[in-house]
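**Q** Using only what follows, build the 3D model:
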Amino acid sequence: MVVAVGRALIAALTVTLVAACAGPPPDEKPPPPPSPSRNTSPSPAVDSAQADKYVGKMATVEVKRAYCSYQSGTRGGPTFCNDQRFPNHKFTMLVWGSERRRWNPAPESWDGNCFRVTGTVTTFRGKPQVEAKDPSQVKAC
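**A** Reported below is the predicted structural model:
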């Protein structure tokens, strides 16, 4: 009797295993593969007036009209591209003089233009800024 139960169990397992390996019956379609993430576009740009909400985070900040100035006589030779005239600006893109050799044309060429800069938002004297170390961080609007 034990042998008969063992043979029946082996037969049942064999049928189950063969059916599982054979795939779905011909009239049944296999489940579709998981769809890729639909949100593959980059995050939308943040208006420069709202950049203070992103301090400490990576963000793309849009400056609609830049006011840029290269300060060659200032320590570090910075270029500042503000969203409004200094000192009324709400946001600054900063390029240090040591990084200028990477920029062709120079970063102050953004003066009067719309741009988007991507980087970590920090603050200087209470105002948000992004330090652009490479021109690839900046794109025209």
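
**Q** so who does K139 touch?
**A** 115-116, 118 (CB atoms under 8 Å, 6 or more residues apart in numbering). C-beta coordinates here come from the backbone N, C-alpha and C atoms, glycine included.

**Q** Report the contact partners of W110.
**A** Here W110 is in contact with 66, 68, 81, 93, 138 (criterion: CB under 8 Å, 6+ apart).

**Q** G126: which of those residues is nearest?
**A** M93 (16.8 Å; CB to CB).

**Q** tell me which element the closest one falls in.
**A** Using DSSP states H and E, M93 sits within strand 92-95.

**Q** Would you mind pulling up the elements that that strand packs against?
**A** With contacts taken as 3 or more CB pairs under 8 Å, 6 or more residues apart in numbering; DSSP states H and E, strand 92-95 sits against strand 79-82, strand 115-124, strand 127-131.

**Q** same thing but at 6 Å, please
**A** strand 79-82, strand 127-131 (3 or more CB pairs under 6 Å, 6 or more residues apart in numbering; DSSP states H and E).

**Q** and of the ones you listed, who's closest to N104?
**A** That would be, of the helices and strands packed on strand 92-95 and by CB to CB, strand 79-82, which comes in at 13.4 Å.

**Q** ok, back up a step: make CSV from the contacts of K139 and add neighbour count, pLDDT and distance to E99 to it.
**A** Output for these, formatted as CSV (neighbours: other CB atoms under 10 Å; pLDDT from 0 to 100; distance: CB to CB, whole Å):
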residue, neighbour count, pLDDT, distance to E99
F115, 22, 97, 16
R116, 19, 98, 18
T118, 17, 98, 15
